[in-house]
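Colleague: show me how the following folds:
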Amino acid sequence: MNKNLNGNNQSVFIRNARIVDPASQRDEPGHILIENGLISELGPDISPPSENLNTIDATGLIASPGLVDMRVFTGEPGEEHRETLASASRAAAAGGVTTMIVMPDTDPVIDDIALVDFILRRARDTAIVNIHPMAAMTRGLEGDKMTEFGLMQEAGAVAFTNGRKPVTNALTMRRALTYAKDFNALISHMPQDPDLSGNGVMNEGETASRLGLPGIPAEAETIMVARDVRLARLTRGRYHAAQISCNESIDVIRRAKDQGDNITCATSINHATLNENDIGLYRTFFKLAPPLRHEDDRTAIVQAIADGTIDVITSSHDPQDVDTKRNPFAECADGAIGLETLLAAGLRLVHNEDLTLIRLIEVMSTTPANLLGLPAGRLQSGSPADIVLFDLNFPWMLQSDVLMSRSKNTAFENARFTGKVMHTLVAGECVYSYDKNN
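Modeller: Model prediction:
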């Protein structure tokens with residue numbers, strides 16, 4: 001759902017920003033004129049057409065395309081106590097995310113056109129950012145009977161996935177890739193072999209042994225990635241590995257890309273900035289799927305983002321309430337929220353000089369928009385004015401009591417960041433502004 005531009009005729013002038021746009025490789029000081037929800041002009045030499053414009057002074061701020069988050073779980077419909085589309089959208093706006101792609105893991109599952117339409121209508125009525133659904137690849141996410149890709153794509157689904165549940169049947173995956181090809185649809189899959197994962201709860205290795213917790217080997221992911229890549233090559237379908245977490249998976253992806261296969265992949269900001277040691281003494285907010293890996297895997301992931309092997313960084317926003325997280329580590333639910341910290345955590349990689357700023361924005365905005373065929377992820381004349389303004393050097397500490405999400409299971413509680421979203425605009429309307437006095 002793109003926010004309706006018809007009711008937003010106000011002109012806005014953003015002045016004195018540092019404009020960073022990966023699509024045009026622009027990184028320069030300048031101004032942005034917004035009219036009717038679209039970017040009218042931008043650059044160093046433009047001036048406001050009148051003095052009565054709504055003006056945002058962006059001195060000292062970076063203006064970039066709003067982030068496009070490809071992997072967001074919510075609780076609506078069915079588990080609204082965890083997260084609603086409205087609360088998730090407020091969290092997204094606070095984190096500079098102007099477009100979020102919601103997963104079909106709801107109750108009921110988003111596996112038919114009525115549910116796709118429900119999500120779009122609820123988003124239109126309650127959300128302050130753009131929301132698009134990924135529809136279920138199989139009925140009820142059960143991994144066997146495929147859904148109606150064509151009808152759901154027509155209804156507004158931007159891609160197809162089985163959410164948290166991997167498709168273990170290779171024939172079903174082959175058929176899904178073949179069927180999706182007829183509609184040029186993207187298949188996004190969570191590569192994890194549940195049989196190899198077994199009852200594991202964290203990365204298999206020395207740390208798991210020391211904590212006395214059952215481990216999940218890297219092979220549980222890598223074997224599934226290798227299978228999917230071969231099926232994508234066989235079918236010539238569009239395949240996207242929704243989350244990869246280890247060096248061996250990167251090697252498989254890199255070889256496949258070198259051979260010209262039509263595949264892309266993503267990692268979560270958690271796996272790019274955290275490792276298994278952050279679990280400490282059974283800290284349940286760090287129990288994720290896939291699990292946090294060894295530091296060597298994390299550094300390999302960052303390098304793969306920098307060299308283009310990994311195409312996208314997501315928040316993998318997965319709200320869990322107190323009842324599902326305040327349990328022993330082995331029994332608690334997987335997942336952490338991440339919409340509000342996606343950009344701030346990513347800026348750690350920029351400050352560490354692991355990534356350039358333009359590359360970070362590319363993998364968080366431009367590339368996911370391109371993969372999904374959305375008119376987002378770029379600052380160009382005629383594009384929707386979905387813009388984030390952030391202070392690259394603003395120091396702050398995350399306190400869970402001010403989080404916009406209904407659930408507070410962040411992996412960055414009390415973490416210190418450098419870089420803060422100051423304003424978020426969707427279709428030229430300011431949907432979030434940071435209150436420095438709060």
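Colleague: can you count the residues close to residue 103?
Modeller: 27 (other Cβ atoms under 10 Å). For glycine as for every other residue, the C-beta is placed from the backbone atoms N, C-alpha and C.
Colleague: that one touches residue 76, doesn't it?
Modeller: No. The criterion here is Cβ atoms under 8 Å, and residue 103 misses it with residue 76 at 11.5 Å.
Colleague: buried stuff in the lowest-mean-pLDDT helix or strand in the chain?
Modeller: Least confident element among the helices and strands of the chain, by mean pLDDT, DSSP states H and E: helix 322-325 (a mean of 90). Neighbour counts over helix 322-325 (16 or more other Cβ atoms under 10 Å) mark 324-325 as buried.
Colleague: same thing with stretch 314-330?
Modeller: 314-321, 324-325, 329-330.
Colleague: residue 413: which of the residues you listed is nearest?
Modeller: residue 325 (11.7 Å; Cβ to Cβ).
Colleague: need the contact list for that closest one.
Modeller: 284-285, 332-333, 409 (Cβ atoms under 8 Å, 6 or more residues apart in numbering).
Colleague: quick one: the strands in the stretch 301-438 of the chain?
Modeller: 312-314, 387-397, 416-426, 429-433 (DSSP state E, counting those that start in this stretch).
Colleague: need the winner for burial among those strands.
Modeller: strand 312-314 (a mean of 29; mean count of other Cβ atoms under 10 Å).
Colleague: give me the mean pLDDT for that strand.
Modeller: Computed over strand 312-314, the mean pLDDT rounds to 98.
Colleague: now do it: everything it contacts.
Modeller: By Cβ under 8 Å, 6+ apart, strand 312-314 touches 69-72, 242-243, 264-269, 272, 305, 342, 346, 360, 363-364, 367-368, 371.
Colleague: cool, stretch 27-46 as well?
Modeller: For stretch 27-46, using Cβ under 8 Å, 6+ apart, the contacting residues are 3, 5, 8-9, 11-21, 47-49, 63, 357-358, 379-385, 387, 425, 427-429.
Colleague: ChimeraX command for the buried members of these?
Modeller: A single ChimeraX command selects the buried members of the contacts of stretch 27-46 (16+ other Cβ under 10 Å):
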select :3,5,8,11,12,13,14,15,17,18,19,20,21,63,357,358,379,383,384,385,387,425,427,428,429
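Colleague: hang on, the earlier thing: how far off centre is the least confident helix or strand of the chain?
Modeller: 23 Å (Cα atoms, centre = their mean, to the nearest Å).
Colleague: need the CA coordinates for it. PDB is fine.
Modeller: Output in PDB follows, covering the C-alpha atoms of helix 322-325 (Å, rounded to 0.1, in the frame of the first residue of the first chain):
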ATOM      1  CA  VAL A 322       6.700 -10.900  27.900                       C
ATOM      2  CA  ASP A 323       5.000 -14.300  28.300                       C
ATOM      3  CA  THR A 324       7.000 -15.800  25.400                       C
ATOM      4  CA  LYS A 325      10.300 -14.200  26.200                       C
END
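Colleague: for the stretch 251-400 of the chain, what spans make up the helices?
Modeller: 269-273, 295-307, 322-325, 342-351, 357-361, 367-372 (DSSP state H, counting those that start in this stretch).
Colleague: tell me which of those helices sits nearest to residue 178.
Modeller: The nearest among the helices of the stretch 251-400 of the chain, by Cβ to Cβ, is helix 367-372 at 19.4 Å.
Colleague: got the contact list for that closest one?
Modeller: 65, 68-70, 99, 101, 132, 158-159, 186, 240, 264, 266, 311-312, 314, 375-378.
Colleague: of all the strands of the stretch 301-438 of the chain, which lies closest to residue 94?
Modeller: When the strands of the stretch 301-438 of the chain are compared (using Cβ to Cβ), the closest one is strand 429-433, at 5.4 Å.
Colleague: pLDDT on the closest one, on average?
Modeller: 97.
Colleague: what sits up against that strand?
Modeller: Contacts of strand 429-433 (Cβ under 8 Å, 6+ apart): 3, 8, 10, 12, 37, 56, 90, 93-94, 128-129, 421-425.
Colleague: make it 10 Å
Modeller: 3, 5, 7-8, 10, 12, 34, 37, 54, 56, 66, 89-98, 127-129, 385-389, 404, 421-426 (Cβ atoms under 10 Å, 6 or more residues apart in numbering).
Colleague: find the nearest non-adjacent residue to residue 261, please.
Modeller: residue 233 (5.1 Å; Cβ to Cβ, 6 or more residues apart in numbering).
Colleague: the one you found in helix, strand or coil?
Modeller: helix (DSSP: H, G, I helix; E, B strand; the rest coil).
Colleague: that one - how many residues pack around it?
Modeller: Residues near residue 233, counting by other Cβ under 10 Å: 17.
Colleague: next: the one 5 residues further on.
Modeller: By other Cβ under 10 Å, the residues close to residue 238 number 20.
Colleague: mind putting the strands of the stretch 301-438 of the chain in TSV, distance to residue 25 included?
Modeller: Converted to TSV, the strands of the stretch 301-438 of the chain look like this (distance: least, Cβ to Cβ, whole Å):
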stretch	distance to residue 25
strand 312-314	19
strand 387-397	18
strand 416-426	21
strand 429-433	27
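Colleague: pLDDT weak spots in the stretch 1-150 of the chain?
Modeller: Counting by pLDDT under 70, the stretch 1-150 of the chain contains low-confidence residues at 1-9.
Colleague: could you redo the last one with a cut-off of 80?
Modeller: 1-10, 51-52 (pLDDT under 80).
Colleague: most packed of the helices of the stretch 251-400 of the chain?
Modeller: Mean neighbour counts for the helices of the stretch 251-400 of the chain (mean count of other Cβ under 10 Å) peak at helix 269-273, with a mean of 25.
Colleague: roughly how far out does that one sit from the chain middle?
Modeller: 12 Å.
Colleague: same thing with stretch 220-235?
Modeller: That offset, for stretch 220-235, works out to 22 Å (Cα atoms, centre = their mean).
Colleague: quick check: closest non-adjacent residue to residue 298.
Modeller: Nearest non-adjacent residue to residue 298 (Cβ to Cβ, 6+ apart): residue 275, at 4.8 Å.
Colleague: go on, residue 390?
Modeller: residue 421 (4.8 Å).
Colleague: I'd assumed residue 404 was in contact with the one you found.
Modeller: No. Counting by Cβ atoms under 10 Å, residue 421 does not reach residue 404; the two are 11.7 Å apart.
Colleague: shared neighbours, those two?
Modeller: 93-95, 340, 432.
Colleague: which of those has the most neighbours?
Modeller: residue 95 (31 neighbours).
Colleague: which ones are touching it?
Modeller: 66-67, 69, 129, 315, 317, 337-345, 388, 390, 404-405, 421, 424, 432.
Colleague: apply 8 Å and report the result again.
Modeller: Applying Cβ under 8 Å, 6+ apart, the residues near residue 95 are 67, 315, 339-344, 421.
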